[in-house]
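# Here is my input; please provide its structure:
(one chain, ligands or ions: 2)
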Amino acid sequence: MDAVSARSSRVVILGGGPGGYEAALVAAHLGASVTVVERDGLGGAAVLTDCVPSKTLISTADYMSDFETAHHLGVHLEDSEGDAVADAVADLAEVNRRVLDLAAAQSTDISARLAEVGVRVVAGRGALTSASTVRVESGDGVEHLETDVVLLATGATPRVMDTARPDGERILTWQQVYDLEALPERLVVVGSGVTGAELAQAYLGLGSDVVLVSSRDRVLPGEDPDAAQVIEDVFTKRGMEVLGRSRMAAVERTADGVVVRLEDGREVAGSHALLAVGSVPQTRGIGLEEVGVELTPSGHVHVDRVSRTSVRGVYAAGDCTGVLPLASVAAMQGRIAMSHALGDAVAPLDLRVVSANIFTDPEIATVGVSQKDVDDEVVDAEVLMLPLSRNARAKMLGITDGFVKLFAQKGSGAVVGGVVVAPRASELIFPVTLAVQHRLNVDQVAATFTVYPSLSGSIAEAARRLHSTD
Ligand SMILES: Cc1cc2nc3c(=O)[nH]c(=O)nc-3n(C[C@H](O)[C@H](O)[C@H](O)COP(=O)(O)OP(=O)(O)OC[C@H]3O[C@@H](n4cnc5c(N)ncnc54)[C@H](O)[C@@H]3O)c2cc1C
Ligand SMILES: NC(=O)c1ccc[n+]([C@@H]2O[C@H](COP(=O)([O-])OP(=O)(O)OC[C@H]3O[C@@H](n4cnc5c(N)ncnc54)[C@H](O)[C@@H]3O)[C@@H](O)[C@H]2O)c1
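Residues are numbered from 1 along each chain as shown. Ligands and ions are numbered 1, 2, ... in the order given. Sure thing, here's the model as predicted:
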């Protein structure tokens, strides 16, 4: 499609999360007439209930943990009488108000940006009636939108088990915790994936007693094993009870709280339970199968690397595709879809260069190939891991847990991946991402100046130690 036809094209996007709204911006920029149909609010689950709220909550928990480590740096907190102050106290109602206000403000900013570029937003639930017609049900009735291009960006929703039904009061999904007025006394978090690990540590930092029910051998299965070990050690060191190899069978209300029944018969009592047992894509009941859009056995929309579905003119992006459930990937898939559909230059999605971060304390940031790829001999790489405890800046900052790990291709020395476990690892991973994306070798990274003293000095040092003398 040339630029003229892009200008006369109509695009309808189902879902206003990062997959949907980033695509809308690109399509509007290319001159298309764009409508976003959104059921719950612009920004999607990412902004309203998942990514943004959890990271805002974690910011408060991180701030609180600084008080705990203050004495290591020679700081003692006293009240006006000169008596030692034992604890900082989080007012959860206030914290949650801040979380929800910030999410709402972010959603408003997205609305303003879409309005600025002329995108029409329809509040309602959309469904396909053909590859070129979308039916929208809203408070105002039913509308049928004719279109040339459809983008499905309907996201995912928390998985609910029949034996553990959330009630919004004591048994909660991660989307329901922001209505709590007081801190749970004893929170049982079920599921030790990224969502469970991040929120378990957040509530521990805020002052709850936390039990983490993990069905696997260790927390954060699927992540770098060295990084996951550091995080599990930090969890237990700070007083979290981690129950490994413990699969939840059911969660029930009791007179004054909840009981989590494990498959092996054990019971874990708590004041509240937080279910973090995964998500399901929102792809059912919206006409996809009827129109011929192919779904995978898990219910995700099957897409190729330019976000095409099995039906011409219908694209999909984000968590409904299950490609890699990250806001950044959803946004990239959405942008790629629109560039492809509207005839602009486009490079297919490249997952090898996605950087991701787990917002525990310390954070875990990763990019490129993984330890598993190396162990499984998918990639022939040298691995170098450098603990941060020997870094001068880390000592000054009181950082005891964490490391930098680099993967360098044997022979060429090209940096093909890395892991950083550190406070603000999300910021520190960027130089490694640059190296991976632009195929810099370890000598190029090592020869780049770093500030002294700095945590990033350990990245250059790791590269230096990977220098090959063959
Ligand atoms: C607790 C948690 C924390 C996370 N933290 C991070 C993080 O720190 N960084 C990161 O990169 N990723 C994070 N993620 C992942 C990230 O939130 C998702 O990858 C992202 O939301 C996917 O965006 P999306 O556009 O596909 O879908 P969503 O953000 O889910 O948006 C989809 C939207 O579509 C709407 N919708 C659905 N069906 C219809 C319909 N039929 N008609 C109209 N509208 C519809 C929904 O109402 C929703 O608003 C986190 C996830 C969770 C669960
Ligand atoms: N910081 C971030 O970027 C961030 C944060 C949260 C989520 N995410 C994205 O969302 C994806 C999904 O993460 P998630 O943690 O929500 O889901 P997940 O599916 O990765 O983890 C769910 C965990 O619950 C466990 N589980 C399932 N049933 C159980 C049971 N009955 N008892 C005990 N444990 C049980 C599973 O074994 C699994 O480890 C991540 O891979 C990531 O891409 C990203």
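# So which bits of the stretch 351-470 of the chain are right by ligand 2?
Counting by C-beta under 6 Å from any ligand atom, the stretch 351-470 of the chain comes close to ligand 2 at 356-359. Every C-beta, even on glycine, is put in place using the N, C-alpha and C of the backbone.
# tell me the contacts of Asp443?
Neighbouring residues of Asp443 by C-beta atoms under 8 Å, 6 or more residues apart in numbering: 413, 463, 467.
# Against Gly413, how distant is it?
Distance, Asp443 to Gly413, by C-beta to C-beta, to the nearest Å: 6 Å.
# circling back to that earlier point, which members of the residues of the stretch 351-470 of the chain next to ligand 2 are the farthest-apart pair?
Ala356 and Phe359 (10.5 Å; C-beta to C-beta).
# Compare those two (neighbour count), which wins?
The neighbour comparison of Ala356 against Phe359 (other C-beta atoms under 10 Å) goes to Phe359, with 24 against 16.
# surely that one meets Leu57?
No: contact criterion C-beta atoms under 8 Å: Phe359 and Leu57 do not qualify, at 9.7 Å.
# quick one on the thing from earlier: can you narrow the residues of the stretch 351-470 of the chain next to ligand 2 to ones near ligand 1?
By C-beta under 6 Å from any ligand atom, the members of these lying near ligand 1 are Phe359.
# Double-check that Val134 belongs to a helix.
No: per DSSP: H, G, I helix; E, B strand; the rest coil, Val134 lies outside any helix segment and is strand.
# who's it bridged to?
Leu128, Leu145 (DSSP bridges).
# I'd like to know how far Leu102 sits from ligand 2.
17 Å (C-beta to the nearest ligand atom, to the nearest Å).
# Neighbours of that residue, how many?
By other C-beta under 10 Å, 16 other residues sit near Leu102.
# Check whether the helix or strand harbouring it comes into contact with ligand 1.
Secondary structure from DSSP states H and E places Leu102 in helix 92-116. No: applying C-beta under 6 Å from any ligand atom, one finds helix 92-116 out of contact with ligand 1, separated by at least 9.6 Å.
# confidence score at the residue of the stretch 51-200 of the chain found nearest ligand 1?
As assessed by C-beta to the nearest ligand atom, ligand 1 sits closest to Gly155 within the stretch 51-200 of the chain, at 2.2 Å. In this model, Gly155 is scored at 98, pLDDT.
# where's the closest residue to it other than its chain neighbours relative to His272, distance?
Computed as C-beta to C-beta, 6 or more residues apart in numbering, the closest residue to Gly155 that is not its neighbour in sequence is Asp319, at 4.6 Å. Distance of Asp319 to His272, computed by C-beta to C-beta: 26 Å.
# Check Ala422 too.
31 Å.
# Could you do Leu187 as well?
Distance, Leu187 to His272, using C-beta to C-beta: 5 Å.
# Ala249 now?
For Ala249 relative to His272 (C-beta to C-beta), the value is 18 Å.
# Repeat that for Thr283.
Relative to His272, and taking C-beta to C-beta, Thr283 is found at 31 Å.
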